[in-house]
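1. Mind folding the following:
(2 chains)
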Amino acid sequence: MNRFLSKDFLSGLMFIGFGLIALYFGQKLALGTPVRMGPGYVPRMLSLTLLGLGALVCIVAVVSGSDPVERLKWKPITLVTIGIICFGLLFERAGLIPALIVLVTIASLAGEEFKLTEVIGLIVTLAVLCTLVFKVGLGMNIYILRGVW
Amino acid sequence: MDLLDNLTLGFSVALSFQNLTYALLGCILGTLIGVLPGIGPVATIAMLLPITFHLPPTASLIMLAGIYYGAAYGGSTTSILVNLPGEASSVVTCLDGYQMARNGRAGAALSISAVGSFFAGTVGTIIIVMFAEPLTRMAQKFGPADYCSLMALGLVAAVILASGSVVKAIAMVFLGLLFGLVGTDVNTGAQRFTFDLPELSDGIDFAPIAMGLFGIAEIVVNLERHLTRTGGTIKVTSLWPTMEEVRRAVPAALRGTFLGAALGVLPGGGPTLGAFSAYTLEKRLSKNPGQFGKGAVEGVAAPEAANNAAAQTSFIPMLTLGIPSNAVMALMVGAMIIQGIQPGPEVMTKKPDLFWGMIASMWIGNAMLVVINLPMIGIWVKLLTVPYRFLAPAILLFCCIGAYSLQNSTFHVMQVAVFGVLGYVFVKLGCEGAPFLLGLVLGPQMEEYFRRAMLLSRGDPMVFLERPISLGLLITTALLLLLMALPSFKKARKEAFVEEEG
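-> The predicted structure is shown next:
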């Protein structure tokens, strides 16, 4: 296994990445003086420390090695993320029921078993439950089906 | 007598109909998630954070606390009956609890664990009552520099006791601190890292981050692993233990209680650490350690008592100092901030009803849990048959609606998606989420104290070394860091966590 594709080396890179992002977007913030610190003082301090720690993690990982990264399975993470985003897009525009149907269907596809009847049953149960809990019970101001309720 | 007055106040608050209902609700929810593997208290509390927004502060904290210690009870039930720990803190209970069940002593194991947990919870609550006032009074003497050092100590200590690489955990703390800075700078009003998004000007909301990092990432990882349930369910006959079992369980539960209570107070400690240490201690003290792993009563009584005692006492640093010691406590701090309460020593003096009400409700909740768990055991076991392919979409849905309901904005739903991906990356790279969360919660406060301390000292950083309290705290922090670098400690720490994972 390539020692640069280890968990620790990649984590180090991630920390360095976040440190650089924070430095770049924080460069316009006024630093101020130690007595009267500007808004940029503490962010600068933290991002530099993060850069240092990231570099340290990388060096240690290359010198002494670390566990290789497990093989990624793209399906669950991609589908779950798409499901949430679809929910976010549909919830206000179309209402709870359409958003729920899309999210539950996509999330069910992420698992290893997909039986249409089961998924439909789950959708119906959840739709009734959510309507009762959130709309009727908690009185939240949401559309169940936009234009209808 | 002051203490008595406070407790009376506490019980009068906790015994109101509304608060009793929320305590019961919390306990039931906690037991539920404790029983269901694949979803833990951190994820549940994160998901419920938005809902607590609609509740009065006391009720919401009572409910969240109920979930936390309810999970400890529920987790032990599945450990004993089906050899599946619902929670990390009940992994050890599997070792002897399931063996006891196979020997036909399932009922005895369940009642010993429930009564032991109740006893430990009671002691834990008494310890909170005793320590709350002195600690709060001490905390009120703290200046900004002292607070800053205290937070540094809390963060470092939490890192040491967490599993995994220490340097990575420290880097995660800093990453969390950095994320905590997003939003409007309190002192100057400047926008920091908001990328011109008005939604970010109040900072990144805590709840979507917690839901993404713990809820979504956990679901995805479970989906990858094809979470399946095996093992037959064991029938519960008599709940009564024999005299011999009681004789052996009582001292073990006592030792477990005190060990757990002590470890719970430590930053980074908590139920899991308490349970493991208690089990190891019992094995060392036992005259015939060979029995352990084959259904020793002590192996059930001690860790169960310890995890519950630790669950209680881990509230102490959060309630008195405002410093969360683990991820669940960080979420409790988040719940308080959502309600507009700044956790810290002022909570006790300014909101005595909330403070004492919550403590009293913990004891009431523990009593409820014995009732929920023992006679209703059959219902909980049935729940185990719900397959994960039903649970995962349902949990996702509740996360999404919860996130939306925070501020009626889909922006928060999108945040959940983003932090879900980030949380997944953290899991894949072996980076712990808990230090990140602690840093995130403490970040804004720590910056404020730091800036105030530097302002008061006219820019002289020596202030952190000149104040005796601050100096003491920093020396402790440095000692902890040195300790971690020692090879022997490194080895012991590694072994402790290997045992835990195995």
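2. In contact with B:V167, which residues?
-> Contact analysis of B:V167 by Cβ atoms under 8 Å, 6 or more residues apart in numbering or on different chains lists A:53, A:56-57, A:60. C-beta here means a position set from N, CA and C on the backbone, and glycine is covered the same way.
3. Can you give me the pLDDT of the residue lying farthest from the centre of chain A?
-> Note on chain A: the largest separation between a C-alpha and the mean C-alpha position, by Cα atoms, centre = their mean, falls on A:V35 (37.6 Å). Model confidence at A:V35, given as pLDDT, is 78.
4. can you confirm it is in a strand?
-> No - counting by DSSP: H, G, I helix; E, B strand; the rest coil, A:V35 is located in no strand; its state is coil.
5. isn't it right up against B:R458?
-> Yes - here A:V35 reaches B:R458: they are 5.5 Å apart, a contact under Cβ atoms under 8 Å.
6. on that earlier part again, which of the contacts of B:V167 tops the neighbour count?
-> Within the contacts of B:V167, neighbour counts (other Cβ atoms under 10 Å in any protein chain shown) peak at A:V57, which reaches 27 neighbours.
7. check which helix or strand covers that residue.
-> helix A:41-64 (DSSP states H and E).
8. next one: B:P134
-> Secondary-structure element containing B:P134, defined by DSSP H and E: helix B:106-140.
9. Just the strands from the stretch 301-450 of chain B, written as ranges.
-> Taking DSSP state E, counting those that start in this stretch as the test, none of the stretch 301-450 of chain B falls into strands.
10. Could you list the residues of it in contact with chain A?
-> Taking Cβ under 8 Å from any Cβ of the partner chain as the measure of proximity, the stretch 301-450 of chain B contacts chain A at B:388-390, B:392-394, B:396-397, B:399-401, B:404-405, B:408, B:410, B:413-414, B:416-417, B:420-421, B:424-425, B:428-431, B:447, B:450.
11. Check these for burial and list the buried ones.
-> Buried positions within these, assessed by neighbour count (16 or more other Cβ atoms under 10 Å in any protein chain shown), are B:388-390, B:392-394, B:396-397, B:399-401, B:404-405, B:410, B:413-414, B:416-417, B:420-421, B:424-425, B:428-431, B:447, B:450.
12. so what's the residue farthest from the centre of chain A up against?
-> A:V35 neighbours (Cβ under 8 Å, 6+ apart): B:454-455, B:458-459.
13. Flag the least confident of those residues.
-> B:G459 (79).
14. which residues are contacting stretch B:352-360?
-> Where contact means Cβ under 8 Å, 6+ apart, the residues beyond stretch B:352-360 that reach it are B:6-7, B:9-11, B:13-15, B:19, B:57-58, B:61-62, B:65, B:125, B:128-129, B:132, B:319, B:341, B:347-348.
15. Could you check the pLDDT of the nearest residue to A:M37 once chain neighbours are set aside?
-> The shortest distance from A:M37 to any residue other than its chain neighbours is 5.0 Å, reached at B:R451 (Cβ to Cβ, 6 or more residues apart in numbering or on different chains). At B:R451, the pLDDT value in this model is 85.
16. OK, contacts around the residue lying closest to B:K294 once chain neighbours are set aside?
-> Distances taken as Cβ to Cβ, 6+ apart put B:Q99 closest to B:K294, at 5.5 Å, once the chain neighbours are dropped. Under the criterion of Cβ under 8 Å, 6+ apart, the neighbours of B:Q99 are B:293-295.
17. can you list the residues of the stretch 1-150 of chain B near chain A?
-> Within the stretch 1-150 of chain B, the positions near chain A by Cβ under 8 Å from any Cβ are B:51, B:54.
18. repeat that with 7 Å
-> Contact residues (Cβ under 7 Å from any Cβ of the partner chain) of the stretch 1-150 of chain B with chain A: B:H54.
19. How about the contacts made by the most centrally placed residue in chain B?
-> Centrality entry for chain B: nearest residue to the mean C-alpha point is B:V328, 3.4 Å, by Cα atoms, centre = their mean. Residues in contact with B:V328, defined by Cβ atoms under 7 Å, 6 or more residues apart in numbering or on different chains, are B:41-42, B:45, B:68.
20. Who wins on neighbours among the residues you listed?
-> The most crowded member of those, judged by other Cβ under 10 Å, is B:I45 (32 neighbours).
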